[in-house]
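[1] what follows is a predicted structure for the sequence shown.
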Amino acid sequence: MQFNGTRLEVNLDALEHNYNYLRSKIKEGTKFMSVVKANAYGHGIVKIAQKLQDLNTDYFATAYTEEGVELRDNGIIKPILILHPQQHHLEMCIDRCLEPVIYSVEMLEAFIAFANAKQQQSYPIHLEFNTGMNRLGMDLKDVHKALEKVTSSPAVKVRGLQSHFAASEDLNEDDFTQEQISRFEQLIPIVQKALDYEFLIHESNTSGILNYNNAHFSMVRSGIGLYGYGNDLQHDVNLKPIATLISNISQIRTIEKGESVSYNRKFIANHKTTYAVIALGHGDGINRIYGYGNLKVRINGQPAPTLGIICMDMFMVDVTNIDAKVGDEVIIFDPVTHSAREMAEDAKTISYELLTGIQKRVKRVYKSD
């Protein structure tokens, strides 16, 4: 028997579909930024970025500088925005031609100092202002101070002005999102008046693209939508989840009534039980919350619930009524039967957390339809 092993199968045609669909929701001329942070939401940053570059995305975004370096070192030549740069990596940003988001006056001062030391002229930066997310970003009252520092230094040039929605996926918070848009729109002419050149303006994430076309401005940013999830069932029908998580049965065992399975004897059989050991665990991203029957994997088309505690490198499922053997494939989640969104919701979390938690020791396999 051929064992293909534990793997995350990534469908690049589905990625292309999602990219084209999301681009269709914005007007011609609006730039598209592909967010590939956190290992492209768990799907493999290099291969995903290479495909998106082939599809002619305008920009990439990563969270941290090291991610941008990995892209540059693997042939990505499109502009790369670093959403959360750290001061000790600012020099690295310049060395790899990465565009940092400047989210505080202190960060702006530090970056100008690095740019001067590197003898830079008009190095591109993006200024982030907080309009209600209350995470990163300069306060609106700091705009004049920031602009004064920018205009007095030839070392930097504003490439983009940005903010971030707090609840664009939740239409019950429409008033708040519209207020965020209004605050951002009030900021734009102030920056335009201070600068004698054009710059990109971007606030929308995936849900902003789908729900708020009045906030597309000159560029939009999409992360989770590229990977097949629109944060709402009405949008999910137009997107294709791009990943299937598969493992194999390592061993099949049978226990008698009263015997236990896994750590701390949290499952005790009340009848003769046959179970399979699956080569995947919380060390791979299948968190302990999925134990105790909270996850049903698919084996030969049949649901098999987990037994007891998820271990670091394996977990056990009940196959008493399933025709199963060693080596059989085990579907953890897939686009059709039980998606990552549904699996995450079973654990009262979101697809982002499940997908980004799939560790790098799980092999990524890239396929087309």
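    Noted; the coordinates are in hand.
[2] and the nearest residue to E342 once chain neighbours are set aside, how far from T349?
    Nearest residue to E342, sequence neighbours excluded (Cβ to Cβ, 6 or more residues apart in numbering): F333, at 7.6 Å. Backbone N, C-alpha and C define where each C-beta goes, glycine included. Applying Cβ to Cβ, to the nearest Å, the value for F333 to T349 is 13 Å.
[3] between these two, tell me which one has more neighbours.
    F333 (25 against 14; other Cβ atoms under 10 Å).
[4] list the contacts for the more buried one?
    Neighbour list for F333: 243-245, 339-340, 342-343, 354 [criterion: Cβ atoms under 8 Å, 6 or more residues apart in numbering].
[5] save those as TSV, and put in secondary structure too.
    Shown next, in TSV, are these (DSSP: H, G, I helix; E, B strand; the rest coil):
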residue	secondary structure
A243	strand
T244	strand
L245	strand
S339	coil
A340	helix
E342	helix
M343	helix
L354	helix
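[6] compare those and tell me which is most surrounded.
    For those, neighbours tallied by other Cβ under 10 Å; top is A340, 28 neighbours.
[7] could you give me the buried positions within the helix-or-strand element of the chain with minimal mean pLDDT?
    In the chain, no helix or strand scores lower on mean pLDDT, DSSP states H and E than helix 233-236, which sits at a mean of 85. Residues 235-236 are the ones in helix 233-236 that count as buried (16 or more other Cβ atoms under 10 Å).
[8] tell me which stretches of this structure form helices.
    Assigned by DSSP state H, the chain shows helices spanning 12-24, 37-41, 45-54, 65-72, 90-95, 105-117, 143-151, 174-194, 206-211, 233-236, 340-346, 351-356.
[9] list the residues that contact the residue most central in space within the chain.
    Nearest to the geometric centre of the chain sits Y41, at 3.3 Å (Cα atoms, centre = their mean). Counting by Cβ under 8 Å, 6+ apart, Y41 makes contact with 223-224, 226-227, 352, 355-356.
[10] of those, just say which sits nearest to Y21.
    Distance to Y21, by Cβ to Cβ, is smallest for L226 among the contacts of Y41, at 9.8 Å.
[11] apart from its neighbours in sequence, what residue is nearest that closest one?
    N18 (5.2 Å).
[12] ok, now how distant is that neighbour from N11?
    Distance from N18 to N11, by Cβ to Cβ: 10 Å.
[13] repeat that for L210.
    L210 is 21 Å from N11, by Cβ to Cβ.
[14] looking at the two, which one has more neighbours?
    Per other Cβ under 10 Å, whichever of L210 and N11 has more neighbours is L210, with 23 against 20.
[15] could you check how far H43 is from S262?
    Taken as Cβ to Cβ, the span from H43 to S262 is 30 Å.
[16] equivalent analysis for I309, please.
    5 Å.
[17] kindly export stretch 35-42 (C-alpha atoms) in PDB.
    What follows is stretch 35-42, C-alpha atoms only, in PDB (Å, rounded to 0.1, in the frame of the first residue of the first chain):
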ATOM      1  CA  VAL A  35      -2.300  39.300   2.500                       C
ATOM      2  CA  VAL A  36       0.000  36.300   3.000                       C
ATOM      3  CA  LYS A  37       0.900  36.700   6.600                       C
ATOM      4  CA  ALA A  38       1.100  33.800   9.000                       C
ATOM      5  CA  ASN A  39       2.500  31.400   6.300                       C
ATOM      6  CA  ALA A  40      -0.300  32.500   3.900                       C
ATOM      7  CA  TYR A  41      -2.900  31.700   6.600                       C
ATOM      8  CA  GLY A  42      -1.300  28.300   7.000                       C
END
